[in-house]
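J.: Can you look at this prediction? I've put the sequence above it.
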Amino acid sequence: MHLPLLEDILILLGFSVIIVFLLQRAKLPSILGFLITGVIIGPYGLSLVKAVEEVEVISEIGVILLLFVIGMELSIKKLASIKKTVFIGGAIQVGLTVLVAGSCYYLLGNSWNEAVFVGFLFSLSSTAIVLKVFQDRNEMSTPHGKNALAILIFQDIIVVPMMLFTPIIAGESTNVTSSILLLLLKSVVVIVITILSARYVVPKLMYAIAKTNNKELFLLTTITICFAVAFLTSEAGLSLALGAFMAGLIISESEYSHQATSIILPFRELFISFFFISVGMLLNLNFFFNHIGVILLLVLTVLIVKSIIAGLAVAVLNYPSRTVLITGLSLFQVGEFAFILSKVGIQYNLLSVETNQYFLAVSIVSMLLTPFIIIFSENISERFLNTKIAKALASNSKESPEALNEQIEMDLSNHLVIIGYGINGSNLAKASQFSNIPYIVIELNAETVKREKAKGTPILFGDATQPHMLETVNLSKARSVVVAISNPEATRTIISNIRNISQSVYLVVRTRYVKEIPELIALGADDVIPEEFETSVEIFSRVLHDFLIPENDITEFIDRIRADNYEIFNSKKKLPKTFKSTKIPNVNITCLRVNIDSGRIIGKTLKELNIRKEYGINILAIERKEDVIDHIDPNEKLYYNDKLYVSGRQEAIEAFHRVLN
């Protein structure tokens with residue numbers, strides 16, 4: 001039996017494999033490869049794919065799974081933490097873009113209702129591309145990543161009212177009030193169902209499914225919840241993507257969200273590739289090359305205008321200049337939901353065929369540029385912030401650290417500077433306070449600064465990538481600096497700026513991956529702590545304890561790993577073989593090495609030492625060089641470097657350990 005769709009999928013996947021492979025060799029994002037694949041095999045390219053509509057349907061599944069995973073990784077609590085950016089920042093970005101784009105289109109001689117609709121189209125950015133690039137670059141937890149996510153969530157929500165409002169501005173609907181009230185009612189119902197399901201229904205359901213230990217059933221249940229909620233929101237007149245996002249939020253409140261995410265990811269990657277390919281198929285190459293000058297000029301205009309507006313939306317929320325610029329540059333493109341909205345506009349004659357072609361060309365080119373703009377956004381923002389214009393604006397801006405922070409007498413010296421007040425930074429601050437170490441924190445989350453200042457925490461609002469901010473905290477007189485932020489690019493900039501101010505300050509940097517250590521040390525970090533291997537250090541140290549490896553050996557091993565910047569894990573060297581015993585239930589057994597060389601212990605027999613009476617422990621075996629003495633004679637003597645396998649109460653073992661050292 002011949003299946004035409006199967007042939008199209010084979011062509012689609014085959015071309016994407018080749019193109020993405022070539023782009024990976026050039027270290028370019030895979031998203032770019034999918035978009036180029038769509039342009040080549042689409043109806044305006046080589047016309048190799050015939051079932052374009054079917055591919056578009058498959059691609060919508062990719063968007064659903066993308067928003068579903070994002071919802072699971074976000075959780076309702078995290079969403080509540082960025083609610084101001086969602087509603088205030090999102091409303092400003094969408095509102096100003098509609099106003100500016102609509103006004104420009106109206107001044108070109110078009111009607112007001114067409115102008116408003118075109119403003120709708122250009123106000124939307126690409127949730128799929130922006131979040132995919134941020135996830136690939138591990139920047140979802142950065143300030144600009146969270147801001148971009150918040151504004152994109154608002155756009156995904158507002159696209160539904162836009163669709164409902166389109167017939168009204170086209171003159172096809174007269175009952176405006178009832179339409180708005182119905183939309184509000186539906187939204188309230190969806191929110192209530194989401195909260196109730198997340199708290200009471202889904203956790204119990206997932207627990208019952210997890211108890212079966214059936215992976216297939218767990219997978220089916222997870223996907224069913226995703227598509228069921230998406231279907232219900234779609235039937236209620238809301239978007240599929242919004243429903244998928246809500247479904248992810250529901251599962252995120254259960255303890256099984258991490259497992260659900262891991263099993264969905266492979267499916268998401270496959271279907272999201274169909275989405276990007278389907279977007280590439282929309283580009284009419286003949287129209288593009290015939291009007292390339294106008295199209296590129298429009299793309300440049302969209303890039304500048306939308307970046308400024310999105311940046312302004314973030315600046316209103318008192319974020320530093322660097323975060324404002326990067327967020328603005330990340331949201332300059334026209335998004336995938338605009339394509340869906342454009343079909344509604346064509347249906348109601350609000351978008352001409354020619355205007356639609358311009359819109360599609362500008363949108364797809366902006367999407368193609370998005371990965372590059374995000375990759376270079378750090379450099380672009382740094383260069384702009386170093387210009388005279390930026391410095392002049394900063395000196396008069398309300399969002400500068402001088403204006404936002406209360407006047408603090410900076411007479412600190414020999415103190416600790418903590419950059420970033422996340423989990424690591426806040427714990428370090430608590431430890432410093434407990435130990436009476438003078439410290440000061442730099443944090444660029446305005447809400448965190450306000451909250452912690454009320455508690456009396458010495459914290460300043462500001463961007464540590466700016467040299468002036470480092471000078472404000474008397475970094476030249478500091479004893480130590482700890483960089484505890486999650487943004488790799490910002491971390492590198494901060495290290496360079498710190499070393500420009502002080503070559504002697506002790507600089508500790510937190511990073512996520514071991515592979516980043518050499519570069520950070522080359523930039524000037526004294527110590528780099530990678531999260532991925534510090535977790536493994538804790539795991540293997542506990543395992544080695546269970547196998548009765550001497551405490552000193554474990555400590556020495558950990559020190560060697562850290563001293564060599566974790567290179568020992570990448571080498572094939574092995575530690576000397578060590579005697580291993582089994583763990584006797586309900587009895588504390590461990591291995592201690594004789595490190596003391598005084599006559600108090602060395603050369604004395606066990607009978608003379610009377611260890612059982614003096615210390616309350618039993619010696620089970622002695623390892624000396626390659627020999628193991630498992631039959632303990634009272635006349636056996638102890639020598640330097642002996643390994644003693646002992647049992648007893650934990651406090652007794654610890655006391656004897658101190659004697660041996």
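T.: Received, thanks.

J.: just the helices in the stretch 251-400 of the chain please.
T.: 257-281, 285-290, 292-315, 321-330, 336-347, 353-385, 388-396 (DSSP state H, counting those that start in this stretch).

J.: highest average neighbour count across those helices?
T.: The highest mean neighbour count among the helices of the stretch 251-400 of the chain, using mean count of other CB atoms under 10 Å, belongs to helix 321-330: a mean of 26. Any C-beta I mention is one placed from the backbone N, CA and C, and that applies to glycine too.

J.: For it, name the packing helices and strands.
T.: Packing partners of helix 321-330 (3 or more CB pairs under 8 Å, 6 or more residues apart in numbering; DSSP states H and E): helix 143-169, helix 292-315, helix 353-385.

J.: okay if I get those helices as a markdown table plus distance to Lys215 and mean pLDDT?
T.: Shown next, in a markdown table, are these (distance: least, CB to CB, whole Å; pLDDT from 0 to 100):
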| stretch | distance to Lys215 | mean pLDDT |
| --- | --- | --- |
| helix 143-169 | 30 | 83 |
| helix 292-315 | 42 | 94 |
| helix 353-385 | 34 | 87 |
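
J.: Dump these to TSV, plus distance to Gly119.
T.: Converted to TSV, these look like this (distance: least, CB to CB, whole Å):
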stretch	distance to Gly119
helix 143-169	10
helix 292-315	11
helix 353-385	12
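
J.: Other residues contacting stretch 437-456?
T.: Residues outside stretch 437-456 that contact it (CB atoms under 8 Å, 6 or more residues apart in numbering): 84, 143, 317-320, 323, 404-406, 412, 414-421, 425, 428-429, 431-433, 457-464, 469-470, 473.

J.: Centre of the chain to stretch 511-531, how far?
T.: From the chain centre to the centre of stretch 511-531 is a distance of 19 Å (CA atoms, centre = their mean, to the nearest Å).

J.: tell me how far the ends of it are from each other?
T.: 6 Å (CA to CA, to the nearest Å).

J.: picking up where we left off before, and the helices and strands packed on helix 321-330: which comes nearest Glu551?
T.: Judged by CB to CB, the one of these that comes nearest to Glu551 is helix 143-169, at 41.9 Å.

J.: Show me what the next helix or strand after the closest one is packed against.
T.: From helix 143-169 onward toward the C-terminus, using DSSP states H and E, the following helix or strand is helix 176-196. Applying 3+ CB pairs under 8 Å, 6+ apart, one finds that helix 176-196 makes contact with helix 143-169, helix 240-252.

J.: can you put the helices of the stretch 251-400 of the chain in a markdown table and add distance to Thr555?
T.: As requested, the helices of the stretch 251-400 of the chain are exported to a markdown table (distance: least, CB to CB, whole Å):
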| stretch | distance to Thr555 |
| --- | --- |
| helix 257-281 | 32 |
| helix 285-290 | 65 |
| helix 292-315 | 47 |
| helix 321-330 | 41 |
| helix 336-347 | 54 |
| helix 353-385 | 39 |
| helix 388-396 | 49 |
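
J.: Relative to Asn213, which of those is closest?
T.: Comparing these by CB to CB, helix 257-281 comes nearest, at 11.8 Å.
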